[in-house]
Each structure stands twice: as C-alpha cells, then as structure tokens.
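# Fold the following.
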Amino acid sequence: MNFLAYGVAGWICIVGLYGAIVSKNLIHLALCLTVIQSSTYVLLLSVGYRHHGTAPIYKGIRLGTNTVDPIVQSLALTDIVISVTVIALILALALDVHKKLGTADPDEVVELQG
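Residues are numbered from 1 along each chain as shown. Below you'll find the model as predicted:
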C-alpha cells in the first residue's frame, strides 16, 4: 500500500483549510474551497488504485486480470461535476454580495437582508 497519495491528499486539504481560514476575500475563499475539494479527488483515486492495474475495460481480457476500481473513478468524476456546480453558485453569490455591499471581505459582511 502506498501511503504517499494519502499524505498528499491530506496536505492539499490542510493547505486549502488554511487558505479558507485566513481568507479576506470571498473569491479567494471559493478558490480555497476548490483546493479542499481537489484533495478528495486525490483521495478517491488513491483508494481505487491497484498496483500494475489496467484500465477497467473488461471486454477481451482474461479473468483474474488486475484492474483499477471503476467505482471510485466514477465517484471522482461525479465529485468534479458537483464541485464545479457548487463553486459556480458560491462565486455567483460572492459577486452578488460584492454588488450589493461594495465589498468582498467576509468580515465586513455582517448582515444581509433579503
């Protein structure tokens, strides 16, 4: 088992969390959330990795061939699609806050009234 990929996923998550904590801009905060989400891609793909595994195409290969897990690959792809949608929504809300209040600093956004 290769623990390097798990360490890289943890490091990417910690870097994103640090950026989100010290962020002074809503756009920067959204990008830090994207970095945190990227750590889940690395984690999912490292979970499904098999040493000397081939692509998960089962037509024409003999039984017992070592392949990578296609489930986690599809989960990573689904994770990417959902992440893009959520980040687009967060960026749209951040731009709306900037347009309404004139600032993108989360510390200055005290109360929004609808």
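
# So what's the residue count around Gly20?
One correction, residue 20 is Ala, not Gly. With neighbours defined by other CB atoms under 10 Å, the count for Ala20 comes to 16. C-beta: built from backbone N, CA, C; applies to glycine.

# Surely it is in a strand?
No - Ala20: not assigned to a strand; according to DSSP: H, G, I helix; E, B strand; the rest coil it is helix.

# That one is in contact with Leu29, isn't it?
Yes - because the distance of 5.7 Å satisfies CB atoms under 8 Å, Ala20 is recorded as touching Leu29.

# element containing the residue nearest the centre of the chain?
Computing the C-alpha centroid of the chain and ranking residues by CA atoms, centre = their mean puts Gln37 first, at 1.7 Å. Per DSSP states H and E: Gln37 is located in helix 26-47.

# May I have that helix exported as CSV, CA atoms only?
Written as CSV, here are the backbone C-alpha positions of helix 26-47 (Å, rounded to 0.1, in the frame of the first residue of the first chain):
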residue,chain,number,x,y,z
LEU,A,26,-15.0,35.8,-0.8
ILE,A,27,-13.5,34.9,-4.2
HIS,A,28,-10.3,33.7,-2.5
LEU,A,29,-12.4,31.7,-0.1
ALA,A,30,-14.2,30.0,-3.0
LEU,A,31,-10.9,29.1,-4.6
CYS,A,32,-9.7,27.6,-1.3
LEU,A,33,-12.8,25.5,-1.2
THR,A,34,-11.9,24.3,-4.6
VAL,A,35,-8.5,23.3,-3.4
ILE,A,36,-10.1,21.4,-0.5
GLN,A,37,-12.3,19.6,-3.0
SER,A,38,-9.3,18.7,-5.1
SER,A,39,-7.9,16.7,-2.1
THR,A,40,-11.0,14.5,-2.3
TYR,A,41,-10.1,13.7,-5.9
VAL,A,42,-6.7,12.5,-4.9
LEU,A,43,-8.1,10.5,-2.0
LEU,A,44,-10.8,8.8,-4.2
LEU,A,45,-8.3,7.9,-6.9
SER,A,46,-5.8,6.6,-4.4
VAL,A,47,-8.4,4.4,-2.8
